[in-house]
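> got a predicted structure here, sequence first:
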Amino acid sequence: MLFNSVAFALFYILVTTLYFVCPYRFRWVILLAASCYFYMAFVPIYILILGFTIVIDYIAGIYIEKEQDPRKRKLLLVVSLISNIGILAFFKYFNFINLNIDYIFHEFNWHNPIPYLTILLPIGLSFHTFQAMSYTIEVYRGNHKAEKHFGIYSLYVMFYPQLVAGPIERPQNILYQMHTKYPFNYQLMTSGLKMMLWGFFKKLVIADRLSIFVNSVYNNPDLHNGTTIVIASLFFAVQIYCDFSGYTDIAIGCAKTMGFDLMKNFNRPYFATNIQDFWRRWHISLSTWFRDYLYIPLGGSKVSTGRRYLNLFIIFAVSGIWHGANYTYIIWGALHGLYSVVYVIIKPYLRKESENEFINTITRMGNTVITIGFVTFAWIFFRANSVGDAFTVIRNLKSFGARPFMGDGVSNFAHSLLAIAILFAVEYKMEFIPQRFNWFTSRNIVVRWGSIALTVFLLLILGVFNGGQFIYFQF
Amino acid sequence: MRQRLVLKFLFRLTAFCVLLFVLDRLIGYGFKTAYFNQQVGQFSQTTYAIDSARADVMVFGSSRAVRHYSTTIISKELGLTCYNSGRDGQMIPYSAAVEEVSLNRHKPKLIILDINPWELANNPSKYEKLTILLPYCDEHKELVPYISEVSEFERYKLMSKVYPYNSSIFILATNALFPKSAKKDSAGYLPLEGVMTPAYLAEYTTRMQARYQRIKVNKEVPEEKGIAYFKKFLDNTAKYNIKTVVVISPTILKDPFELDNQSLEKKLVVDITKKYPNVTFLDYSSDARFNSQPQKFSDEFHLNRYGSEEFSTGFARYLKANRFVE
């Protein structure tokens, strides 16, 4: 079920109403049943895969906690991790690995006997697998107690707002909330609904609008000149941000209306002044997951300089693979790994803050533009349909300056620019003057209701209502 | 206390919904007024095609129809009135929709449908773009099934009076602020002025050939729904026994459909038209007067004014010589 569908609107109203009408002790049942239904709206049979990992991790968690022998504890953790990663690898990477085997066999004129899988990837597999893994790791580390209530544990993995595209929660942040009795809270309900509205705005008005132009260019990269490609790539940078952060806002807002507090996943990443800063602001739940469960176990920064660079590179390369079984994602991850290593090397030589505020502002703006440039260049690989297409796009950049293609006409292009301008204004306000122009929360009811109504009508007037699913659902 | 909070929330939510409802009607009325008062541009053309056109010769199709068929020349050559109901970015479902509404009002002497084989190929955008019919659904209920192709919920979204004008604000605003910015059409005909350069043609040809190497492995799969709309268009003409000419207008490359991996769709166009005694199929895609003649094209898809006038003259004279209309 897509958030941007009428079916979800009806589903949300029904589930939230039932949630508050039911006695506390039955609320987890309502949420779990709703989450199962939400997940089964995609491919019903895949609920069994989710059920399998839930059972394995639930049992593993309890036994890891009970077990005193460190070797057996480790073994239980490994079993849990292998079953999670095994399922992820099988569904997500089997065909990719097989394709590579095919290439190698082809070089030697051998026949590859392994057939390809002809099944769809379970939706959001990478997200709920990582969330499940964080549970067993935290129990193993002794940072969290094993959850004894099977229903609550299942809900931890399956909580519908964040089931298919995160934020990837840690048990410390969310499991206790599943036990908490949340009465109806007027403030949380209204602020959650406003957050959802802004999420829908980002998705429907900005991301889906920009996708029209981006798709027409990236689906025919050989037909477009450098100017068009630069515009399309910048548009894609905004599109993917609004698509994913829009989803996250809807997820966090939706959970908030029921009293739950999900972690922040984005913090205006395009105001980042360097690549490290970007990753502190982009997909925070995944970045911190890799930091806690991969970078630090690899030794983090408490190792030799060379090893530190390697560790940095590894986490970004793995992040690329996490996104998808395609060399485009691997190159995207590797590029970010490279950026990060280079940044760590050059960081000591970079200009320190000046005493002149004007120079500082100009430097910050310049750094932001450079960061956006590098990030956008990497997005080319992320968006291109194949590595070949990505290189076609890069080759065509040489004709930068030629007259750009306007897509479906000036109207769509103008709506795209208007959408970006609105986003920039809102993000600029939130980044630099957070205390001003808070119209959604103004004490003046005319301003408050007026701004919400304006957002609703901008959605109706500028929204693209047939834009399809969220990009990150495929991961 | 908690109950009071719930009641407060429900009361305010209801009040806010009432406010939205009232504003929706007011803003929707404003949009409706602005939309239907357009004197120039494609909105006014569509409004005229759907609500008023009563010409002897009616042209339907995509942007290639709008840009290729000079209504002035066709009128002059045939001695009949002519209106071009084509629309940029649209395909056969739109043509079928506008034709259905038009024929409910008026039966022309001749119908011209400009078609491209890609209209019968898989391309979801041909349905997504039907949302431009939303402003007309209130008055023409027969259009509702067409907009339901966009999504099953589209008919319910029509409960909003603002939603039908979705994505039209830029054009409405520019037409209002800069009334001279929109080109005035000549009974629906809007020629393009640019000229394609020989260098661009050479580059385009190379790109298309390279693209063909990539796409030729893909199996051609014509779209059943697209075919059904094409047949529906022709069924309507047969129902009223209206002489109809289905045309593939000139293309810059000779018979480019193979390069586009759409030979199967082209064959379907030919085969389907043969089944209708009132329908004649004319193919100009291999016409040497236009193939590889960049000076007659504005871009890779469209003739320019010069090319379209030459095409319209030749086409109208052919219709006259072969007594398509008495």
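Yep, that arrived.

> for the rest of this, base every contact and every neighbour count on C-alpha atoms.
Will do.

> now do stretch B:253-260: everything it contacts.
Outside stretch B:253-260, the residues that touch it by CA atoms under 8 Å, 6 or more residues apart in numbering or on different chains are B:117, B:205, B:208-209, B:212, B:215, B:263, B:266, B:285-288, B:291-292.

> ok, now with 6 Å
B:212, B:263, B:285-286, B:291-292 (CA atoms under 6 Å, 6 or more residues apart in numbering or on different chains).

> ok, now stretch B:156-168?
A:460-462, B:24-25, B:28, B:134-135.

> buried ones in it?
B:157-158, B:161-168 (16 or more other CA atoms under 10 Å in any protein chain shown).

> of the residues you listed, just say which sits nearest to residue A:169.
Nearest to residue A:169 among the buried residues of stretch B:156-168 is residue B:157, at 35.3 Å by CA to CA.

> from chain B, how far out is residue A:460?
Going from residue A:460 to chain B by CA to the nearest CA, to the nearest Å gives 5 Å.

> tell me which element that residue is part of?
helix A:445-462 (DSSP states H and E).

> which one is residue A:211 nearest to, not counting chain neighbours?
Leaving aside its sequence neighbours, residue A:211 sits nearest to residue A:239 (CA to CA, 6 or more residues apart in numbering or on different chains; 6.5 Å).

> what does residue A:368 give?
Using CA to CA, 6+ apart, the closest residue to residue A:368 is residue A:273 (4.4 Å).

> name the SS class of the one you found, please.
Per DSSP: H, G, I helix; E, B strand; the rest coil, the secondary structure class of residue A:273 is coil.

> burial of it, as a residue count?
By the criterion of other CA atoms under 10 Å in any protein chain shown, residue A:273 has 19 neighbours.

> next one: residue B:277
Neighbour count for residue B:277, taken as other CA under 10 Å: 11.

> which strand or helix spans it?
Short version, using DSSP H and E: residue B:277 is in no helix or strand.

> and it, what is it in contact with?
Residue B:277 neighbours (CA under 6 Å, 6+ apart): none.

> coming back round to it: now do the helix holding residue A:460, average pLDDT.
Mean per-residue pLDDT for helix A:445-462: 93.

> check which helices and strands that helix is in contact with.
Using 3 or more CA pairs under 6 Å, 6 or more residues apart in numbering or on different chains; DSSP states H and E as the contact test, no helix or strand touches helix A:445-462.

> ok, now which ones touch whichever residue of chain A sits closest to chain B?
Proximity of chain A to chain B (CA to the nearest CA) peaks at residue A:461, 4.3 Å away. By CA under 6 Å, 6+ apart, the contact set of residue A:461 is B:166-167.

> which residue of chain A sits farthest from its center?
residue A:109 (41.1 Å; CA atoms, centre = their mean).

> please read off the pLDDT at that one from the model.
Looking at residue A:109, the pLDDT reads 82.

> for it, phi and psi?
For residue A:109, the backbone dihedrals are phi 60, psi 30 (criterion: degrees, to the nearest 10).

> farthest pair within the contacts of stretch B:156-168?
A:462 and B:25, at 17.3 Å, using CA to CA across these.

> now stretch A:281-293: how far from the chain's centre is it?
Centroid separation for stretch A:281-293 versus its chain: 10 Å, with CA atoms, centre = their mean, to the nearest Å.

> that stretch: end-to-end distance?
One end of stretch A:281-293 to the other measures 19 Å (CA to CA, to the nearest Å).

> mean confidence score for it?
For stretch A:281-293, the per-residue pLDDT averages 94.

> just give me the neighbour total for residue A:367.
Using other CA under 10 Å, residue A:367 is surrounded by 17 other residues.

> without its sequence neighbours, what residue ends up closest to it?
Excluding the flanking residues, the one nearest residue A:367 by CA to CA, 6+ apart is residue A:273, at 4.9 Å.

> touching chain A at all, stretch B:33-52?
No: Stretch B:33-52 does not reach chain A (CA under 6 Å from any CA of the partner chain); its nearest approach is 11.8 Å.

> buried ones in that stretch?
For stretch B:33-52, by 16+ other CA under 10 Å, it's B:35, B:38-51.

> same question, stretch A:341-357
Buried residues in stretch A:341-357, defined by neighbour count with 16+ other CA under 10 Å: A:341, A:344.

> span of stretch B:207-224 from start to end?
End-to-end for stretch B:207-224, by CA to CA: 29 Å.

> that stretch near chain A at all?
No: with CA under 6 Å from any CA as the criterion, chain A is not reached by stretch B:207-224; the gap is at least 6.6 Å.

> picking that back up, of the buried residues of stretch B:156-168, closest to residue A:390?
Closest to residue A:390, out of all of the buried residues of stretch B:156-168 and judged by CA to CA, is residue B:167, at 30.9 Å.

> helix, strand, or coil at that closest one?
Going by three-state DSSP: residue B:167 is coil.

> just the pLDDT for residue B:259.
We have a pLDDT of 68 for residue B:259.

> tell me which residue of the stretch 151-300 of chain B lies closest to chain A.
Among the residues of the stretch 151-300 of chain B, residue B:166 lies closest to chain A, at 4.3 Å counting by CA to the nearest CA.

> so what's the gap between the longest helix seen in chain A and the chain middle?
Criterion DSSP state H: the longest helix present in chain A is helix A:226-257. Chain-centre distance of helix A:226-257: 10 Å, with CA atoms, centre = their mean.

> for it, packing partners?
helix A:186-200, helix A:208-218.

> next, the angle from the last one to helix A:226-257.
When you say that, I think you mean helix A:208-218. Note on geometry: by axes from the mean of the first three to the mean of the last three CA atoms, to 10 degrees, helix A:208-218 and helix A:226-257 are set 140 degrees apart in direction.

> average model confidence for helix A:208-218?
Rounded mean pLDDT across helix A:208-218 is 89.

> what angle sits between it and helix A:445-462?
Angle, helix A:208-218 to helix A:445-462, by the same axes, to 10 degrees: 30 degrees.

> show me what helix A:208-218 is packed against.
Looks like helix A:208-218 contacts helix A:226-257 (3+ CA pairs under 6 Å, 6+ apart).
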